[in-house]
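K.L.:
task: produce atomic coordinates for the following.
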Amino acid sequence: MLDKEDVDLMSKLNFYIQFDLESGSEEMLCIIRKANRPKLYLKKCEEMINYLNKKEVPYKALLMFNHPGETPVTYNRSIAFFGSLIKKQDKISGMLSAQDYAFFPGSRIHGQYDYYQKRFGTVVRHQEWWKERGDQHKLTCSIIPSRGIVKTPRQKSALARGIV
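P.N.:
Numbers count the residues shown, from 1 in each chain. So this is what the prediction gives:
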């Protein structure tokens, strides 16, 4: 929704812009429901980051990894997209900030957990993390997003039994 006119106006103010880009993978953008037209979305992201840097407007672009459905392929596509984008910049006025997906009750994923489990092999290790002791943030992010993340036969066996 941000456009060049917005950036021009914001460049005169003394603050930074924070926005969620989420992913550089077209497939993940669809899974996350961030964009119905992911190619266009990524093109717009690239244009805005280019323009923010050109106008020297400080920004923080948030990325999310390990969302249910994430695989090594989607992860690598996202890293490649943002790596390529940054390498093209003459100057950089902002930062990319990566975070893990966090599972919360009442969220779409919570409400459709069976779907994500069946389609992708998603395992949320601590579905009622708020009832557990320990690092609450770590518990919310303790997720196997897809079968594609599981590598060893032992992990696959535990995933199949739902005890990972």
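K.L.:
okay, stretch 77-91 in CSV with CA atoms only?
P.N.:
This file holds the C-alpha atoms of stretch 77-91, laid out as CSV (Å, rounded to 0.1, in the frame of the first residue of the first chain):
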residue,chain,number,x,y,z
ARG,A,77,14.1,-18.8,-2.6
SER,A,78,13.3,-16.2,0.0
ILE,A,79,17.0,-15.8,1.0
ALA,A,80,18.0,-15.6,-2.6
PHE,A,81,15.3,-12.9,-3.4
PHE,A,82,16.4,-10.7,-0.5
GLY,A,83,20.1,-11.3,-1.0
SER,A,84,19.8,-10.3,-4.6
LEU,A,85,17.7,-7.2,-3.7
ILE,A,86,20.3,-6.0,-1.2
LYS,A,87,23.2,-6.6,-3.5
LYS,A,88,21.7,-4.3,-6.1
GLN,A,89,21.5,-1.3,-3.7
ASP,A,90,24.0,1.5,-4.0
LYS,A,91,23.2,2.6,-0.5
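K.L.:
residue 30: neighbouring residues, count only.
P.N.:
Using other CB atoms under 10 Å, residue 30 is surrounded by 16 other residues. All C-beta atoms are positioned from the backbone trio N, CA, C, and that covers glycine.
K.L.:
so it lies in a helix, does it not?
P.N.:
Yes - counting by DSSP: H, G, I helix; E, B strand; the rest coil, residue 30 is located in a helix.
K.L.:
what's near enough to touch it?
P.N.:
When contacts are counted by CB atoms under 8 Å, 6 or more residues apart in numbering, residue 30 touches 36, 38.
K.L.:
now do residue 13, the pLDDT please.
P.N.:
For residue 13, the model assigns a pLDDT of 82.
K.L.:
and for it, the neighbour number?
P.N.:
Neighbours of residue 13 using other CB under 10 Å come to 9.
K.L.:
checking it next. Helix, strand or coil?
P.N.:
Residue 13 - assigned by three-state DSSP - is coil.
K.L.:
contacting residues around it?
P.N.:
Counting by CB under 8 Å, 6+ apart, residue 13 has no contacts.
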